[in-house]
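Undergrad: Everything below, folded, please.
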Amino acid sequence: MKKLLILCVFIGRILFAQNDFETIKQHYFKSYDYEQMGKYDEAIKVLAPLYTKYPKGYTLNLRFGWLFFLSKKYNDALQYYQKAQSIQPHALDPKLGTMRVYLAQGSSKKAEMLGYKILKTDYYNYYGNYYTILALINQKKYDVATKIIQKILALYPTDVLFLEQLARIYKATNNKYLRKLYEDILVLDPNNVLVRSVMK
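TA: Predicted coordinates:
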């Protein structure tokens, strides 16, 4: 009888967990759908019941940070990114999210400092390098930004995002190789909006 009771409790826990998983999945999927439609407030609202139940969920806090960032509610975004960071102190995603918010707010110096912390942990982190470059260019620190771009292009010579940032620097500094760089970018990405807009 005792074994049967233990088995029933075990099966009940599995079913409850499965039920929880299905509910969580439905909320997330609805949130993704709303995000695709650009309805960020709705994407947030549909996750609110989950947050009441799982306020210490790392993924949930990270998602709220992203959605509030998309809806341009930057203080809220920072709050959730910081909470995600406190849950997973070594994780880089909340730091990268925070960098995006700083850049959107025009806090380039803060973004730069956080970028260096990320790169100290993960020297070749793609977005850590990219956002740091954006922060440096915003502050007209072209030499430092160029060195980081060259570091990445040495590994990925055809990376258009980094080539675009190099083009921004070349344009700002009147570099004689700008036209050639534009042409190289168009070979890789014939419909590149940045280059086409300046080469008309």
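
Undergrad: which parts of the strand or helix carrying Ile137 are buried?
TA: With elements delineated by DSSP states H and E, Ile137 resides in helix 126-138, which encompasses its position. Of all the residues in helix 126-138, those buried under the rule 16 or more other CB atoms under 10 Å are 127-138. Bear in mind the C-beta positions are built from the backbone N, C-alpha and C, glycine included.

Undergrad: Could you do stretch 154-170 as well?
TA: Of the residues in stretch 154-170, 159-160, 162-170 count as buried by neighbour count, 16+ other CB under 10 Å.

Undergrad: now what about it, what contacts it?
TA: 124, 129-130, 133-134, 137, 142, 145-146, 149, 152-153, 175, 177-178, 181-182, 184-185, 188-189, 192, 194-195 (CB atoms under 8 Å, 6 or more residues apart in numbering).

Undergrad: and the closest residue to Lys141 other than its chain neighbours, what is it in contact with?
TA: Spatially, and ignoring its direct neighbours in sequence, Lys141 is nearest to Glu112 (7.9 Å; CB to CB, 6 or more residues apart in numbering). The neighbours of Glu112, taking CB under 8 Å, 6+ apart as the test, are 132, 135-136, 139, 141.

Undergrad: so what's Ala145 up against?
TA: Ala145 sits next to 133, 136-137, 165, 169 when contact means CB under 8 Å, 6+ apart.

Undergrad: And for Asp93?
TA: Asp93 makes contacts with 62, 84, as judged by CB under 8 Å, 6+ apart.

Undergrad: rerun that using 6 Å as the cut-off
TA: The contact partners of Asp93, taken as CB atoms under 6 Å, 6 or more residues apart in numbering, are Leu62.

Undergrad: Distance check, it against Val160.
TA: Applying CB to CB, to the nearest Å, the value for Asp93 to Val160 is 23 Å.

Undergrad: Need the three-state assignment for the residue nearest to Lys141.
TA: State at Glu112, reduced to three classes by DSSP: H, G, I helix; E, B strand; the rest coil: helix.

Undergrad: Please report the distance of it from Ile118.
TA: Distance, Glu112 to Ile118, by CB to CB: 11 Å.

Undergrad: what's the helix or strand containing Ala77 packed up against?
TA: Assessed by DSSP H and E, Ala77 sits inside helix 74-87. Contacting helix 74-87 under the criterion 3 or more CB pairs under 6 Å, 6 or more residues apart in numbering; DSSP states H and E are the following elements: helix 58-70, helix 93-105.

Undergrad: I'd like those as TSV, with distance to Tyr32 appended.
TA: As requested, these are arranged in TSV below (distance: least, CB to CB, whole Å):
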stretch	distance to Tyr32
helix 58-70	9
helix 93-105	17
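
Undergrad: mind putting those in TSV, mean pLDDT included?
TA: Shown next, in TSV, are the helices and strands packed on helix 74-87 (pLDDT from 0 to 100):
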stretch	mean pLDDT
helix 58-70	96
helix 93-105	98
